[in-house]
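Novice: Structure of the sequence below:
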Amino acid sequence: MVRDNAELTEHLKAMQEMARHSTDLAEDLKAAQAQIARDNVNFTEMLKASQEQIARLAASEQRQRPKTLASSPLPIPSTARKPVPTPPQVRLQTQYPTHLQPKQQ
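Specialist: Residues are numbered from 1 along each chain as shown. Now for the predicted structure:
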């Protein structure tokens with residue numbers, strides 16, 4: 001019976017250690033999730049600022065373009081493709097190995 005109690009005590013200690021480890025892991029996970037949430041907020045703000053900057057630059061370029069370029073349409077290239085010439089047919093000559101060639105008469 002003493003042996004059973006010793007085994008139960010060891011088992012209890014192992015379970016307590018596992019519970020502490022699980023608690024530590026859960027706390028680490030919560031901290032990591034909080035950091036990810038903060039990073040997402042920062043990245044979202046940076047993305048929004050970049051998009052606003054791009055919009056301002058695009059608007060600035062539109063204002064700075066000469067009016068003559070904006071009013072004269074550019075020629076549209078033809079979308080039809082020229083046919084590609086097909087290469088002439090190549091006739092293959094089959095050479096038989098000398099010991100399989102038909103005998104010439």
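
Novice: tally of neighbours for Q33?
Specialist: Residues lying near Q33 (other C-beta atoms under 10 Å) number 10. Quick note: C-beta positions are derived from backbone N, CA and C, even for glycine.

Novice: how much space is there between it and D39?
Specialist: Applying C-beta to C-beta, to the nearest Å, the value for Q33 to D39 is 11 Å.

Novice: for this protein, longest helix please?
Specialist: When the chain is parsed with DSSP state H, its longest helix is helix 2-64.

Novice: For the chain, give me the ranges with low pLDDT.
Specialist: Where the chain drops to pLDDT under 70, the residues are 66-105.

Novice: Could you measure from A59 over to A6?
Specialist: The value you get for A59 to A6, if C-beta to C-beta is used, is 80 Å.

Novice: and if you look at A55?
Specialist: 73 Å.

Novice: do the same with A32
Specialist: 39 Å.

Novice: Repeat that for T44.
Specialist: For T44, the distance to A6 (C-beta to C-beta) stands at 57 Å.

Novice: Around L25, count how many other residues there are.
Specialist: Neighbour tally, L25, other C-beta under 10 Å: 10.

Novice: and what of L8?
Specialist: 10.

Novice: what's the answer for S60, then?
Specialist: Using other C-beta under 10 Å, the number of residues around S60 comes to 10.

Novice: do the same with E45
Specialist: 10.

Novice: And it, how far from E61?
Specialist: As defined by C-beta to C-beta, E45 lies at a distance of 25 Å from E61.

Novice: likewise E10?
Specialist: E10 sits 75 Å away from E61, taking C-beta to C-beta as the criterion.

Novice: and what of T23?
Specialist: 57 Å.

Novice: try A55
Specialist: 11 Å.

Novice: Next: N5.
Specialist: With distances taken as C-beta to C-beta, N5 is found 83 Å from E61.

Novice: And for M15?
Specialist: 68 Å.

Novice: same deal with L12?
Specialist: Counting by C-beta to C-beta - L12 and E61 are separated by 73 Å.

Novice: repeat for S50
Specialist: 16 Å.

Novice: Good, wrapping up.
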